[in-house]
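Novice: just a sequence and a predicted model for now, questions to come.
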Amino acid sequence: MQITSSKELLAVDGGTPVRSTLLPYGRQSIEEDDIQSVVDVLRSDWLTTGPKVGEFEEAFAARVGAKYAVSFSSGTAALHGAAFAAGLKPGDEAITTPMTFAATANCVLYQGATPIFADVSADTLNLDPEKLAARITARTRAIIAVDYAGHPADLDAILELGARHGLVVIEDACHSLGAEYKGRRVGSVAHMSVFSFHPVKHVATGEGGMVTTDRADFAESLRRFRNHGISSDARQRQAEGQWFYEMVLLGFNYRLTDIACALGLSQLKKLETNVARRREIAARYTRAFRSLSCVIIPSVRSNVNPAWHLYPVRMNPAQLNTDRAQVFRALRAENIGVNVHYIPVHLHPYYRDRFGYRGGEYPVAETAYEQLISLPMFHGMSDQDADNVIAAVTKLCEHYRKA
Ligand SMILES: *Cc1c(COP(=O)(O)O)cnc(C)c1O
């Protein structure tokens, strides 16, 4: 690793960047065996809803320790399915966190119900159970917790609230495949857990998603919902030699293809290694940044083992003579592909216009947002890549240090 000095010119000011090519904040790793498994499907009889769908679902359920897994065409479709299975309908409310991707709240709107936000805890930026409890009304039907950055939410406290008020607890686990909560695997804890297979997530299928659950009624609803509301699938009918089918509810075509499921199966085999690699990179960052006062590292509670979808640091305004926007620009100029997760959902124009949010409603999330920068984090990163990130952040901290 290079030793940097405060005299070193930043790339944003015309200096030499710490690396010559852009390091993205996240990306997939596709190897020969992944490619071969897709090619095999392309030569087979089934491109969609064939044997790979069931194989992927079974392997996934086994991996997370759930009874059922139902695949969807995206994480967003899977969230929509979970909102449907939870019974959300017009007049109902579902409480979620503002510190997430818009899809977490949008799925409530798809069902004609109303998303209600509750502020987050300052350490993990996950739903604060006390703030959550204060938002429960007679109209509340579900809670959608998010495992921000891959750190599991306060699931026991949330499940206890859910039990007390008769609510369905959905975990948006799109960040946390491979994480553990009190020794239990994410995907086996909440009533339904939702995953995404977008290329920046732990398992990539292009687009894709999954809902896991232990409840047979939820699994049945989810399967119908993703297939037009039809009560059996094409392969089942062919196997049974039947032409008859019935549409029993208004569903969608949210099916995941056999092509994608073959890729997912192949990727799932590497999940353990990939999560382990993400934990190594996180440990490397944490070691380097613990002593750097301009950066606040993500906190990890003692009862979880995060999956590190993201490594979001907060730029400490007390130690810097500039703002997050400038640090962001300067890191990009160093060819470090940083990002910001997230603009709190209620601050998006659609939510402001529709629900009248003006900012200031969820101060913990809003303050964090002003300071957050997601550093590159993906399992294909080399130690050298991580050291480039550390060098760039260190260089900037020295440059912008408050006198
Ligand atoms: C990625 C993501 C989603 C959406 O998943 P897609 O597969 O992109 O539709 C939803 N919620 C969170 C928290 C995510 O990170």
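Specialist: Okay, I see it. Residues are numbered from 1 along each chain as shown.

Novice: so the chain: which segments form each domain?
Specialist: For the chain, automatic domain parsing gives the domain ranges 11-26+272-400, 32-268.

Novice: and the longest one with the ligand, contact?
Specialist: Yes - where contact is defined by CB under 6 Å from any ligand atom, part of domain 32-268 touches the ligand, namely 74-76, 100-101, 103-104, 146, 172, 174-175, 196, 198, 209. For glycine as for every other residue, the C-beta is placed from the backbone atoms N, C-alpha and C.

Novice: start and end of that domain, how far apart?
Specialist: End-to-end distance for domain 32-268, by CA to CA, to the nearest Å: 15 Å.

Novice: picking that back up, Serialize the residues of domain 32-268 next to the ligand to TSV and add fields for neighbour count, secondary structure and pLDDT.
Specialist: Output for the residues of domain 32-268 next to the ligand, formatted as TSV (neighbours: other CB atoms under 10 Å; DSSP: H, G, I helix; E, B strand; the rest coil; pLDDT from 0 to 100):
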residue	neighbour count	secondary structure	pLDDT
S74	19	coil	98
G75	26	helix	98
T76	23	helix	98
T100	27	coil	98
F101	20	coil	98
A103	21	helix	98
T104	27	helix	98
V146	29	strand	98
D172	30	strand	98
C174	29	coil	98
H175	27	coil	98
S196	30	strand	98
H198	20	coil	97
G209	29	strand	98
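
Novice: show me the contacts for the residue of the chain found nearest the ligand.
Specialist: Closest contact between the chain and the ligand, by CB to the nearest ligand atom, is at G75 (2.5 Å). Counting by CB atoms under 8 Å, 6 or more residues apart in numbering, G75 touches A103, C174, V194, F195, S196, F197, H198, K201, G208, G209.

Novice: quick one: residues contacting the closest residue to E246 other than its chain neighbours.
Specialist: Once flanking residues are discounted, E246 sits nearest to S231: 5.3 Å by CB to CB, 6 or more residues apart in numbering. S231 sits next to R224, Y245, E246, M247, V248 when contact means CB under 8 Å, 6+ apart.

Novice: hang on, the third one packs against I230?
Specialist: What it means is E246. Yes - using CB atoms under 8 Å, E246 is in contact with I230, at 7.0 Å.

Novice: of the two, which one has the most company?
Specialist: I230 (17 against 8; other CB atoms under 10 Å).

Novice: what are the bridge partners for that one, then?
Specialist: M247 (DSSP bridges).

Novice: find me the pLDDT at the closest residue to G209 other than its chain neighbours, would you?
Specialist: Counting by CB to CB, 6+ apart, G209 lies nearest to A78, which is 3.3 Å off, once chain neighbours are set aside. The score at A78 is 98. That number is its pLDDT.

Novice: A78 - how many residues pack around it?
Specialist: By other CB under 10 Å, neighbour count at A78 equals 32.

Novice: what sits against it?
Specialist: Neighbours of A78 in contact, by CB under 8 Å, 6+ apart: V70, F72, V194, F195, S196, G209, M210, V211, Y254.

Novice: name the member of the residues you listed with the most neighbours.
Specialist: V211 (33 neighbours).

Novice: got the contact list for the helix or strand hosting it?
Specialist: If you go by DSSP states H and E, V211 is part of strand 209-213. Applying CB under 8 Å, 6+ apart, the contact partners of strand 209-213 are 57, 60-61, 64, 66-79, 81-82, 85, 174, 187-188, 191-197, 218-219, 222, 256.
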